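Colleague: give me coordinates for this.
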Amino acid sequence: MAVLNLTEARIRELEPGSGIWRDEQVKGLMVVCHTTTKTYAVQGDVRRNGRHVRTVRMKIDRTDRIGLREARARAKAIMSQIQSGVDPTAKPEETGITVSQALDAHLGEKPFREATVESYRYNVDHYLARYRNRAVADLSRSEVRDIYERIRTSKGQTAAIGVMRTLRAVINMAMRLDETITANPVAAIRLPTPKRREVDAIDLATWWQATETLSPIRRDLHRAFMLTGARRSSLLQVRREDVDFERGVIVFRHMKTSDQSMMFPMGAYLTDMLRARLDADAPLNSEWLWPSPTSTSGRVEEPKEPRRELPSPHEYRHLARTMFIAAGVPYAESALLLGQKLPGASGGYVHAEHLVEHLRPHAQALETKVASAKK
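Modeller: Residues are numbered from 1 along each chain as shown. Predicted coordinates for the structure are as follows:
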């Protein structure tokens, strides 16, 4: 391997097939003379912690495409990487992570609610069963589109959207673990925006009469939904011990927006109703506020009444939000009573558990508004 003070003229004079010629001026730069072409290349030793790791050679370009000055500039940049211990020829590490492994990594990244974990696993195990052990890197856009269309055709658009959202989150996790996955194929699908829920106006007097026809437990359950605007899971999973009459609050331990519990200040009517409810249900010896002997969980699971014109739990939230406004409750207070996060950076500094007594008059305002229609 000869050393030569390279110039443009000398490079042109080098014989084809004459081998490798090193440059005197720039360490590592060389001209490789093949039988038909001449190319610039750079070679150096990668060392880490004083230990030789490997010798790498990297092609720069053909001598008839770039000049010697540019070749020397590129060689200096590449040698700088090599001398800092970086192998410029190394490719991103490929993990070969599968859909199932990426799902486990995603669910293990942070705490998720049990229902969320079940939903993710059901989507992967049921709808994506044939892809569970496939490498995420092997999933193409066309294949993902086929999955979406198949589920949409057989199970409906709602199910298809749910599965695609799960798959998108799983692949995003895989991308953070495997540098060779550079794009998420789910991005090629335009997922429709769910239709905005339309909630009809309610005649409160008629609603009071309709709830009176229910069994005592379900009657009080519907009224509690209206008077709190609580989410379905929050209210249904209240235990007897979570109703604190001394402090005048219901403790909602299952919240969507936080792992922390929420203390809802009870108004006068709700307090009397739940006190009577607990007394009446005491012989059942149940831990739940809304017991159901026929349910596997021991509590009411489905609050919607068949063949009755009564709101669903989420419709009650819409109605409560509207009636908070009608009762003159400010936006921030009504949002906190509904268990919602306030917007903006300052919203993160507001802790509803410190504002129970401040919120109590506003909870009472909703109750007064609803009770005003009771005959």
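
Colleague: all strands for the stretch 201-350 of the chain, in order.
Modeller: 243-244, 249-252, 262-265 (DSSP state E, counting those that start in this stretch).

Colleague: columns mean pLDDT and distance to Pro330 on top of those strands, output as CSV?
Modeller: In short, each C-beta sits where N, CA and C put it, glycine included. Output for these, formatted as CSV (pLDDT from 0 to 100; distance: least, Cβ to Cβ, whole Å):
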stretch, mean pLDDT, distance to Pro330
strand 243-244, 95, 26
strand 249-252, 94, 20
strand 262-265, 94, 15
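
Colleague: what's near enough to touch Arg54?
Modeller: Taking Cβ atoms under 8 Å, 6 or more residues apart in numbering, we find Arg54 in contact with 45-46, 87.

Colleague: please redo it, this time with the cut-off set to 10 Å
Modeller: 45-48, 82, 87, 89-90 (Cβ atoms under 10 Å, 6 or more residues apart in numbering).

Colleague: which parts of stretch 355-375 are buried?
Modeller: 355-356, 359-360, 362-367, 369-371 (16 or more other Cβ atoms under 10 Å).

Colleague: hmm, back to that, quick one: buried ones out of the contacts of Arg54?
Modeller: Counted by 16+ other Cβ under 10 Å, the contacts of Arg54 give 46, 82 as buried.

Colleague: out of the contacts of Arg54, name the ones that lie in strands.
Modeller: 45-48 (DSSP state E).

Colleague: and those as TSV, adding distance to Ile66?
Modeller: Conversion of those to TSV gives the following (distance: Cβ to Cβ, whole Å):
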residue	distance to Ile66
Asp45	25
Val46	25
Arg47	28
Arg48	31
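
Colleague: domain assignment for the chain?
Modeller: 2-83, 99-188, 204-371 (automatic domain parsing).

Colleague: what is the mean pLDDT for the first one?
Modeller: Taken as a whole, domain 2-83 has a mean pLDDT of 92.

Colleague: go on, stretch 128-143?
Modeller: 91.

Colleague: make 13 the first number, not 1, from now on.
Modeller: Understood, numbering begins at 13; the last thing we discussed is stretch 140-155.

Colleague: what's the end-to-end length of that stretch?
Modeller: Start-to-end span of stretch 140-155 (Cα to Cα, to the nearest Å) is 12 Å.

Colleague: how about stretch 17-33?
Modeller: 9 Å.

Colleague: buried residues, stretch 35-45. List them.
Modeller: So stretch 35-45, judged by 16+ other Cβ under 10 Å, has buried residues 35, 38, 40-45.

Colleague: Pro315: which of those is nearest?
Modeller: Distances from Pro315 to these, taken as Cβ to Cβ, are shortest for Gly40 (74.3 Å).

Colleague: where is the longest helix in the protein?
Modeller: helix 169-189 (DSSP state H).

Colleague: so what does that helix touch, helix or strand wise?
Modeller: Here helix 169-189 touches helix 111-121, helix 126-134, helix 153-167, going by 3 or more Cβ pairs under 10 Å, 6 or more residues apart in numbering; DSSP states H and E.
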